[in-house]
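> Just the structure for this:
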Amino acid sequence: MTTTSEVICKAPGRICLFGDHQDYLGLPIIACAINRFIELSAIPNEAKTFQIEMPNIKSARSFSIDENFELLQKGDHIASTIRVVKRYGCIPNRGYTIKLIGDIPINAGLSSSSAVVVVWVRFLLETFGCSYEITDQLIAKIAYEAEVLEHNSPGGKMDQYTIAIGDIIFLQTNENTKYMKIENSLEGLIVGESGISKNTIRLLGDLKEKALRSIQIVKEHDQTFNLATTRSIDKYIHFLSKELKPFFYASIKNHQITQEALVALNKKPLNYQKIGSLINDHHQVLKEILKITTPKIDAMIDAALLAGAYGAKIVGSGGGGSICALSSKDNHQKVIDAIINAGAKDAYSVSISSSSNYSF
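Just a heads-up that it's a prediction; the model follows:
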């Protein structure tokens with residue numbers, strides 16, 4: 001399905017509310033899409049090439065629509081997406097001049113890179129068609145394959161599925177990859193950017209390796225152990241070395257918090273104090289057990305809570321990035337000001353967004 005008109009696609013950023021460092025273990029997460037976007041605009045050309053301009057990162061590239069990218073450069077998600085969509089029967093047959101712009105901060109834990117992949121996948125499928133029914137879930141699946149599997153990266157499925165599906169979702173990240181939209185709308189979210197860039201691949205890889213190793217050791221001692229259903233930590237933790245105990249504890253504890261949060265988020269009316277308390281509990285595991293925060297992130301979170309936020313946590317893989325806080329509307333500006341005064345690069349309100357979209 002090609003078009004002679006300008007094509008415009010958008011994909012939102014995302015916030016992980018509950019389940020950080022859980023999706024690569026096949027455990028569920030709760031995340032939401034937010035009203036910060038990557039926008040792709042495309043105009044047909046006669047050159048049979050994709051000419052892509054990315055002004056936010058001062059970059060541009062051009063390649064033939066027939067390029068298969070048999071040799072894939074590390075981190076080249078534009079190329080890996082082309083490889084994957086062609087396996088799904090999406091064969092570009094016309095060139096486009098493309099611009100990618102956005103207001104999702106880069107390398108800040110709000111998944112700007114995954115939003116680029118999702119919007120690129122949606123553009124290719126909706127413009128050129130494929131061998132399958134085009135759904136948000138298919139777009140998420142292809143984006144995950146292109147961003148994670150093609151590059152043998154340590155990430156999970158949260159980013160691609162949250163961005164492609166939109167709203168707030170509870171996502172089973174195991175092989176079944178089932179999701180449920182949470183009907184309640186969570187109001188009062190604030191993002192605070194630390195200005196410290198993350199090192200996502202290195203940090204994720206290290207934490208994933210240690211978490212998986214701790215789980216494997218427990219399974220070797222007890223073949224009935226099931227990470228997704230166990231409620232016991234003390235029963236198993238003595239099997240592990242001092243180095244691995246924190247990673248096993250964090251896996252179980254964060255899973256328990258996510259399950260509690262699912263119940264809280266589905267109640268009407270929402271109990272914001274309860275949800276905020278669970279956000280704080282989750283952050284304490286990320287800070288004290290997994291140790292993925294920084295002094296500036298800690299100061300921003302402390303400031304948000306002292307200003308009256310219900311809860312606050314680090315967002316993303318850690319080592320920098322952003323925080324999110326949950327606040328009453330009446331207290332929004334006070335919390336924003338407190339986060340900025342604590343050293344944040346920026347802080348602002350965000351709202352829940354629907355999925356990525358396509359129009360021409």
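> all helices of the stretch 201-350 of the chain, in order?
In the stretch 201-350 of the chain, helices defined by DSSP state H, counting those that start in this stretch lie at 234-237, 245-265, 272-284, 295-306, 332-341, listed in chain order.
> Which among those helices is found nearest to S41?
helix 332-341 (31.1 Å; CB to CB). C-beta: built from backbone N, CA, C; applies to glycine.
> which intervals of the chain have sub-threshold pLDDT?
1-4, 198-205, 355-360 (pLDDT under 70).
> follow-up on the earlier one: okay if I get the helices of the stretch 201-350 of the chain as TSV plus distance to I139 and mean neighbour count?
Output for those, formatted as TSV (distance: least, CB to CB, whole Å; neighbours: other CB atoms under 10 Å):
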stretch	distance to I139	mean neighbour count
helix 234-237	38	14
helix 245-265	24	20
helix 272-284	28	19
helix 295-306	32	20
helix 332-341	33	20
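> export these to a markdown table and tack on distance to T127?
What follows is those, written out as a markdown table (distance: least, CB to CB, whole Å):
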| stretch | distance to T127 |
| --- | --- |
| helix 234-237 | 50 |
| helix 245-265 | 36 |
| helix 272-284 | 39 |
| helix 295-306 | 40 |
| helix 332-341 | 39 |
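> which stretch among the ones you listed comes nearest F128?
The nearest among those, by CB to CB, is helix 245-265 at 37.7 Å.
> Verify the assumption that I98 is located in a strand.
Yes. I98 sits within a strand when classified using DSSP: H, G, I helix; E, B strand; the rest coil.
> Touching, it and T49? I think so.
No. Between I98 and T49 there is no contact under CB atoms under 8 Å: 10.2 Å.
> Doesn't V116 belong to a strand?
No. The assignment for V116 (three-state DSSP) gives helix, which keeps it out of a strand.
> separation between it and N56?
In this view, V116 and N56 are 10 Å apart by CB to CB, to the nearest Å.
> More neighbours: which of the two?
V116 (26 against 16; other CB atoms under 10 Å).
> hey, what's the nearest residue in space to that one that is not next to it in sequence bridged with?
Using CB to CB, 6 or more residues apart in numbering and skipping the chain neighbours, the partner closest in space to V116 is I38 (5.3 Å). Using DSSP bridges, the beta-bridge partners of I38 come out as A11, G102.
> Does I38 touch I104 like I think?
Yes. Using CB under 8 Å, I38 makes contact with I104 at a distance of 6.0 Å.
> nearest to G192, of the helices of the stretch 201-350 of the chain?
helix 332-341 (4.0 Å).
> The closest one vs helix 295-306, what angle?
Relative orientation of helix 332-341 and helix 295-306, computed by axes from the mean of the first three to the mean of the last three CA atoms, to 10 degrees: 160 degrees.
> Overlap in contacts, V116 and N56.
The contact sets of V116 and N56 overlap at 100, 102 (CB atoms under 8 Å, 6 or more residues apart in numbering).
> Setting aside sequence neighbours, what's the nearest residue to the residue of the chain most remote from its centre?
For the chain, the residue at maximal distance from the C-alpha centroid (CA atoms, centre = their mean) is E46, at 36.1 Å. Once flanking residues are discounted, E46 sits nearest to G95: 6.9 Å by CB to CB, 6+ apart.
> Isn't the one you found up against A42?
No. Using CB under 8 Å, G95 is not in contact with A42, being 9.8 Å away.
> what about the two, which has more around it?
A42 (23 against 20).
> Where does that one fall, secondary structure wise?
strand 29-45 (DSSP states H and E).
> right, and the helix or strand after that strand?
strand 49-54.
> what about stretch 263-280, start to end distance?
End-to-end distance of stretch 263-280 (CA to CA, to the nearest Å): 16 Å.
> Which residue is the nearest non-sequential neighbour of I169?
Nearest to I169 is Y179, by CB to CB, 6+ apart, at 4.9 Å.
> how deep is the one you found tucked in, by neighbour count?
19.
> One more: E67?
Count around E67 with other CB under 10 Å applied: 13.
> Now for the nearest residue to it once chain neighbours are set aside, how many residues are close by?
The shortest distance from E67 to any non-neighbouring residue, by CB to CB, 6+ apart, is to I82 (6.7 Å). I82 is flanked by 22 other residues according to other CB under 10 Å.
> quick one: I82 and N68 touch, right?
Yes. Using CB under 8 Å, I82 makes contact with N68 at a distance of 7.4 Å.
> Quick check: K274 vs G320, distance?
In terms of CB to CB, K274 sits 29 Å off from G320.
> wait, I142 sits on K86?
No. I142 is not in contact with K86 according to CB under 8 Å; the separation is 10.7 Å.
> neighbour count winner among the two?
Higher neighbour count among I142 and K86: I142, with 28 against 16, using other CB under 10 Å.
> Look at that one and give its secondary structure.
helix.
> Quick check: closest non-adjacent residue to it.
That would be V121: by CB to CB, 6+ apart, it lies 5.0 Å from I142.
> Who are the contact partners of that neighbour?
81, 85, 139, 142-143, 146, 164.
> Just the element for the residue nearest in space to the middle of the chain, please.
Centroid check for the chain by CA atoms, centre = their mean gives D159 as the closest residue, at 2.9 Å. Using DSSP H and E, the element containing D159 is helix 158-165.
> and that helix, what does it pack onto?
strand 7-18, strand 29-45, helix 112-128, helix 136-144, strand 168-171, strand 179-181 (3 or more CB pairs under 8 Å, 6 or more residues apart in numbering; DSSP states H and E).
> Go through these and name the closest to Y348.
strand 29-45 (9.1 Å).
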